[in-house]
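In: Sequence first, predicted coordinates after that:
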Amino acid sequence: MSGVPTSTIQHFELKHSISLESFVKLAKALGYSEEIIQLLAEPKYDTMEELLEINKNSLRKRGV
């Protein structure tokens, strides 16, 4: 139903590794289209600079 080869599904089941394209195809075939749309609908950050600043601050060591 998904168009994803059986070998790719077997590899995913064993190694827990799959391409985003195959993952989305499987999710859609299993009825998760709305969840995929919601996940990708609204960006969490407005700019790349905002994301970099947040990540930089989260890696900063704090005094104990």
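Out: Perfect, I can see it now. Numbers count the residues shown, from 1 in each chain.

In: what about L52, distance to S58?
Out: Per CB to CB, to the nearest Å, L52 is found 11 Å from S58. Every residue, glycine included, has its C-beta placed from N, CA and C.

In: Compare these two (neighbour count), which wins?
Out: Shown here are L52 and S58; by other CB atoms under 10 Å, L52 has more neighbours (11 against 7).

In: tell me which element the more buried one falls in.
Out: Take DSSP states H and E as the rule and L52 turns out to sit in helix 48-59.

In: Contacts made by that helix with the rest, please.
Out: Here helix 48-59 makes contact (CB atoms under 8 Å, 6 or more residues apart in numbering) with Y45.

In: buried ones in it?
Out: When neighbours are counted by 16 or more other CB atoms under 10 Å, no buried residue of helix 48-59 is found.

In: and the spatially most central residue of the chain, what pLDDT?
Out: Nearest to the mean C-alpha position of the chain, by CA atoms, centre = their mean, lies L20 at 7.0 Å. As predicted, L20 sits at a pLDDT of 93.
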